[in-house]
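In: Okay, structure incoming, though there's no sequence with it:
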């Protein structure tokens, strides 16, 4: 009886010790994993933030990207409006899913209809730019005639909706 009681206490002691050791090992493993994940995210953020802007610009300026039309900056647009230029301007945000949907429709449509459209990325612009052009949300397509806003279409739409909208302001061939 004495040996069995002693044996049970010894087994219980080793069992508790084993649990402590396993807890310590798992704790260390968890810390290493979290540190590795955090540093990986940090590296990805740094590399993606530097290349993100140039990639977005390239994507918008090429015919294979979501928009083939020319990008425009806020100062350029302000100058063109002062010079009373007639133009279509597409206000978008690079990380907007509705903008991506609209862009996938607008790119082939503007090519098909031979329409030049300027693209202004609002992702990095201040709130004052949004207010200046009365942008409530993206995507927003605005038609300026002689520097004045004539009409706009907000949100992602079907191809036929965009086509009808463009036809109101472009000469038929």
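Out: Great, that's in hand. It should be emphasised that the depicted structure is a prediction, and the values quoted were computed from it without experimental measurement. Numbering: from 1, shown residues only.
In: Isn't residue 137 up against residue 155?
Out: Yes: assessed by C-beta atoms under 8 Å, residue 137 is found in contact with residue 155 at 7.1 Å. Backbone N, C-alpha and C define where each C-beta goes, glycine included.
In: Please tell me how far residue 9 sits from residue 19.
Out: Residue 9 is 16 Å from residue 19, where distance means C-beta to C-beta, to the nearest Å.
In: repeat for residue 128
Out: 61 Å.
In: again, but for residue 93
Out: Residue 93 sits at a distance of 52 Å from residue 19 (criterion: C-beta to C-beta).
In: More neighbours: these two, which one.
Out: residue 93 (18 against 10; other C-beta atoms under 10 Å).
In: per-residue confidence for that one?
Out: Here the pLDDT value assigned to residue 93 is 93.
In: One more: the one 5 residues further on?
Out: We have a pLDDT of 94 for residue 98.
In: Pull out the buried positions in stretch 143-157.
Out: 143-144, 152-153, 156-157 (16 or more other C-beta atoms under 10 Å).
In: Which parts of this protein are helices?
Out: Taking DSSP state H to define them, one finds helices in the chain at 2-61, 74-82, 97-113, 127-132, 159-167.
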